[in-house]
Structures are given as C-alpha cells and as structure tokens.
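Peer 1: Requesting a structural model of the entry that follows:
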Amino acid sequence: MMDLNYALNTFYLLISAVLVMWMAAGFAMLEAGLVRSKNTTEILVKNVLLYAIASTCYLLIGYELMYGIPEVTSHAPAANFFFQVVFVATAMSIVSGAVAERMKLASFLIFSVILTSFIYPIEGAWTWGGGFLAEAGFVDFAGSGIVHLAGAAAALAGVLLLGPRKGKYGHSGAIYAIPGANMPLATLGTLILWMGWFGFNGGSQLALVGQDNTNAVANIFVNTNAAAATGAITAFLLVRLIWKKADLTMILNGALAGLVAITAEPAAPSAVLSCIIGAGAGVLVVLSIIALDRLKIDDPVGAISVHGVCGVYGLIWVAYTHSSATLINQLLGAGVIFAWVFAASIVVWWLLKVTLGLRVSEQDEYLGGDIADCGVEAYPEFVSSKTTG
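Peer 2: Here you go, the predicted model:
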C-alpha cells in the first residue's frame, strides 16, 4: 500500500508539473498576441529560451541553493525537483512580457541566467526552503509572492531602466494605445494559463493520497476556477463602466489577476470567498494598469499589475483565510521578497545597461525584433519588413 501511495503521489505531482510547464505556452501565446506583429517571433524566442535556461540553471545551481538536499518521502525526489523547476520558469516568463518590444535579446537572456540561478532561489530559500520568512510565519501556499511578486519586481526594475516604447507617451501627458497584433492568440494564451493554474495550485498540495489531501485538491480546483471567473467578470464590468467598451485585454488580465490572488491560499477559503477575492483582483488590476500608464511605466502586457499588485493583494487575504497567518507577517514577507528581487534585479539590469546595453537601437525598434534579432517575420505574407513600423 505504501508503494501505491508513493506512486500515486508521484504521478499526481508529475502531471501537475506538466500542466505548469504548459503555462509556458500560455505566456508565449499571450505575449505574442499583445505585442505588435513585428515583435512576434522575438517574443516567442524569448519564451522558449527562458524556459530552457530556467530548466538548466535551476538544475545545476538553483534547486540546491533553494532547498539544499531535501528529504522527500511521500513522492519521488525527482518529481519534487521537476515540480519546482517549472515554477522558476513561470517567474521568468513574467519578466518577458513587461520588457517586450525594446529590450536587447542578449541582455534579457543573461538576466534569465542570473534570476533563475540566484535571485529567485535565494528568496525561495527564505520561504519554501524553510528560511527566516517561513520561521516568522509567512504563508504563501503556491506562490503569489514567491513566484508572481518576484517576477513582477524583476520586471519593474527592468522597465524603469528601459523606459517606454517609442510613441507610447506624448509630451503633454497624452497616452497612446499600442494595440497587440493578435487577440485570438492572447485569448488562447490566457485560457492555457487558466488551465495550467490547476496544476500550479493543485499540485502545491504535494500529495493526493488520503481523504484530507483529496478534499483539499478538489477545493483548490474549485476556488482557483472561481477566482479567475469573477476576476474576468469584474474587470469587464469596470471597463464597461469607464469606457463603455468590452476591452478584451482587460478582461483577460482580470482572469489572470484572480488566479494570481487566489494562489497565495487556494485551499482555505470557501468557494464564495474565493469569488470575492477574485472579484477584488479584477477591479484592482484595471485600476493598477491605468495608474501605471499615467506614471508612464510602459508594460505592454500588464504583467506588473497582474502579478505584482495582485500578488500582494492575494498575500494580504491570507491573513484572513489562514488560521496561522497574520497581516504583519504577510506584509513582512511581501516586503522582503519585493525588496530583495527589485534591488538585486536593478543592479543586474544596470550592469547590463552600462556594458552590453539594455535597449535596442531606435532603428531596430522601428523595424521590430523579428527582423533585427531573429531575421524571421512571424507573418511574412501580411507584414513587409520594408513597411513595418
């Protein structure tokens, strides 16, 4: 019986990890849909390579730095590693969209090596690795802070040093929309992420065998879905109220915001409370995206708002849904994670800026990354390199 339990838990964790790995496709499609057509191939290159880099760097350096050599008894140790490695790739994927359309590919890939080898594993050791934040009572079940806030903090540091895309902001405070090239792809990406999140949150139970574990996993699935659904609905209602339009990009980000918020503690709340958490995230993400735009912080996909602002929001809710969590400890954990990742990232971004350079030339930005970096247009029948811009 023990062998069967071990096998079932291992199988469940591996399948959950595969679902999380599939989120790489979700990020790739979402970002490919929200950038202009002239940058589609490059954003796909980034997403494939960042996953490959994360997988390699976390295997060679990051996992042991974060966990040492953990004693795993309920499932295979290799399954535990595989489940953790897809999480670090998720954190790096968040950065990709925020710095899209104007960052040098080489600088982005070098930063990917450093974040997945050192920056993420160090803060992970303080939390899931049993370090001082875990001892202080900080609770983050599946990574609203450890994964999502960390990715957003790294993204924010890069965006501040990069500056906005050409033509995004006018001299008199005007804000100009730069529409994405492919809304069907963006929608597909969001739905893939929504699906993958069941592995993200459900797999974080780390076991399936036993009535308590089984019930917890079922509740996690229900609560995760509920938060995403109400996040999409409230984002739609708010933008309909503000602009009298059903802004698809805001609706998609509303669903993702609900998913990020519930990730901090998807097992404890009731289904109704999960709806409330998701609904609040849907409103918050719209207001945050508008506010960052007014501050001239250019985030083409809304990643900083979705994963950063709503990650903190989700961590705060844990103080009211988890019996051992307190508001002070949740704010402490969020503050430490943000401060470490932002400070470490801005140092690395700055060093890259003064050596290799962060931003592509004005000419390359005009032509687009597909031609400048990749030499392959994503839509060659529809977009001519001579007229792209």
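Peer 1: gap between residue 310 and residue 261?
Peer 2: 5 Å (C-beta to C-beta, to the nearest Å). C-beta: built from backbone N, CA, C; applies to glycine.
Peer 1: Can you pull the residues that touch both of these two?
Peer 2: Taking C-beta atoms under 8 Å, 6 or more residues apart in numbering as the criterion, residue 310 and residue 261 both touch 144, 281.
Peer 1: three-state assignment of residue 29?
Peer 2: Under DSSP: H, G, I helix; E, B strand; the rest coil, residue 29 falls in the helix class.
Peer 1: thinking it is in contact with residue 196, fair?
Peer 2: No - using C-beta atoms under 8 Å, residue 29 makes no contact with residue 196, being 11.6 Å away.
Peer 1: where does residue 300 fall, phi/psi-wise?
Peer 2: phi -60, psi -30 (degrees, to the nearest 10).
Peer 1: And for residue 174, the neighbour number?
Peer 2: 8 (other C-beta atoms under 10 Å).
Peer 1: For the remainder of this discussion, apply numbering that starts at 899.
Peer 2: From this message on, residue numbering opens at 899, which makes the last subject residue 1072.
Peer 1: Closest to the centroid, which residue in the chain?
Peer 2: By C-alpha atoms, centre = their mean, the chain has its centre lying nearest to residue 992, at 3.9 Å.
Peer 1: Show me where this structure dips below the pLDDT cut-off.
Peer 2: Within the chain, the segments meeting pLDDT under 70 span 899, 1281-1287.
Peer 1: Which residue ranges of it form strands?
Peer 2: Per DSSP state E, the chain carries no strands over any range.
Peer 1: sorry, back to before: report the contact partners of the residue nearest to the centre of the chain.
Peer 2: Residue 992 neighbours (C-beta under 8 Å, 6+ apart): 925, 1046, 1049, 1050, 1052, 1053, 1201, 1205.
Peer 1: Skipping its backbone neighbours, what lies nearest it in space?
Peer 2: Once flanking residues are discounted, residue 992 sits nearest to residue 1049: 3.0 Å by C-beta to C-beta, 6 or more residues apart in numbering.
Peer 1: Help me confirm that that neighbour comes into contact with residue 993.
Peer 2: Yes - under the criterion of C-beta under 8 Å, residue 1049 makes contact with residue 993 at 5.8 Å.
Peer 1: Need the overlap of contacts for these two.
Peer 2: Here residue 1049 and residue 993 have residue 1201 as joint contacts, going by C-beta under 8 Å, 6+ apart.
Peer 1: In a markdown table, list the contacts of residue 992 along with neighbour count.
Peer 2: Formatted as a markdown table, the contacts of residue 992 follow (neighbours: other C-beta atoms under 10 Å):
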| residue | neighbour count |
| --- | --- |
| 925 | 28 |
| 1046 | 31 |
| 1049 | 31 |
| 1050 | 30 |
| 1052 | 30 |
| 1053 | 27 |
| 1201 | 29 |
| 1205 | 32 |
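Peer 1: Most widely separated two among those?
Peer 2: Greatest spatial distance among the contacts of residue 992 (C-beta to C-beta): 925 and 1052, at 14.6 Å.
Peer 1: Spatially nearest residue to residue 1276, not counting backbone neighbours?
Peer 2: Nearest one to residue 1276, counting by C-beta to C-beta, 6+ apart, is residue 938 at 3.5 Å.
Peer 1: And the helices in the stretch 1149-1287 of the chain?
Peer 2: With helices called from DSSP state H, counting those that start in this stretch, the stretch 1149-1287 of the chain shows them at 1169-1192, 1201, 1208-1219, 1225-1253, 1260-1265, 1267.
Peer 1: Let me know which of those is tucked in deepest.
Peer 2: Of all these, helix 1201 carries the top mean neighbour count, a mean of 29, counting by mean count of other C-beta atoms under 10 Å.
Peer 1: which other residues reach it?
Peer 2: By C-beta under 8 Å, 6+ apart, helix 1201 touches 992, 993, 995, 996, 1049, 1050, 1053.
Peer 1: repeat for stretch 1170-1181
Peer 2: For stretch 1170-1181, contacts defined as C-beta under 8 Å, 6+ apart pick out 1120-1122, 1124-1134, 1136, 1152-1153, 1155-1156, 1158-1160, 1164, 1167, 1208, 1211-1212, 1215, 1219.
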